[in-house]
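Trainee: Compute the structure for the input listed below.
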Amino acid sequence: MLETTKFDVAEYLDTEELRKDYLELVAKDGTQEELLKAISDVARARGMTKTAKEAGITREGLYKALSPDGNPAFSTVWNILHSLGYTLTPTPIAK
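Mentor: Numbers count the residues shown, from 1 in each chain. Next up, the predicted model:
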């Protein structure tokens, strides 16, 4: 029987440029859920403990906020993005 391993994009986000491009793509073309997943992927690639500390929340709180069942407050997402070195920039939606 052929064994496969589960794909984890965080394992491949090993440079700032890849993380930036990934977040930009998902923010532009993805859903809210996909963006939270992408933020989670980047946080895991960077290190959850470091990200949580810099965001001012516990590691467990970070996992909970970015989980599929999480519903983080805007301020939490804002703080997480800032801890990752990003900000939100409103841009017009192409019609």
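Trainee: Please identify the helix or strand for Asp21.
Mentor: Secondary structure assignment for Asp21, by DSSP states H and E: helix 16-29.
Trainee: For the following helix or strand past that helix, list every residue counted as buried.
Mentor: Towards the C-terminus, the helix or strand next in line after helix 16-29, according to DSSP H and E, is helix 32-46. Counting neighbours by 16 or more other Cβ atoms under 10 Å, one finds that the buried residues in helix 32-46 are Leu35, Leu36, Lys37, Ala38, Ile39, Ser40, Asp41, Val42, Ala43, Arg44, Ala45, Arg46. For glycine as for every other residue, the C-beta is placed from the backbone atoms N, C-alpha and C.
Trainee: got a list of what the fifth one touches?
Mentor: In other words, Ile39. Shown here is Ile39, whose contacts under the criterion Cβ atoms under 8 Å, 6 or more residues apart in numbering are Leu23, Leu66, Val77, Ile80, Leu81, Leu84.
Trainee: Which one of the residues you listed sits in the busiest neighbourhood?
Mentor: Each of the contacts of Ile39 was scored by neighbour count (other Cβ atoms under 10 Å); the top score is that of Ile80, with 25 neighbours.
Trainee: Spatially nearest residue to that residue, not counting backbone neighbours?
Mentor: Closest residue in space to Ile80, ignoring its immediate chain neighbours: Ala55 at 4.7 Å, by Cβ to Cβ, 6 or more residues apart in numbering.
Trainee: correct me, but the one you found touches Asn79?
Mentor: Yes: when contacts are counted by Cβ atoms under 8 Å, Ala55 is listed as touching Asn79 (4.4 Å).
Trainee: From Asp21, how far out is Tyr12?
Mentor: In this structure, Tyr12 and Asp21 are separated by 12 Å, where distance is defined by Cβ to Cβ, to the nearest Å.
Trainee: do Ser67 as well
Mentor: With Cβ to Cβ as the criterion, Ser67 and Asp21 are 24 Å apart.
Trainee: Ala65 too?
Mentor: Distance of Ala65 to Asp21, computed by Cβ to Cβ: 23 Å.
Trainee: next one: Thr5
Mentor: Using Cβ to Cβ, we find Thr5 at a distance of 24 Å from Asp21.
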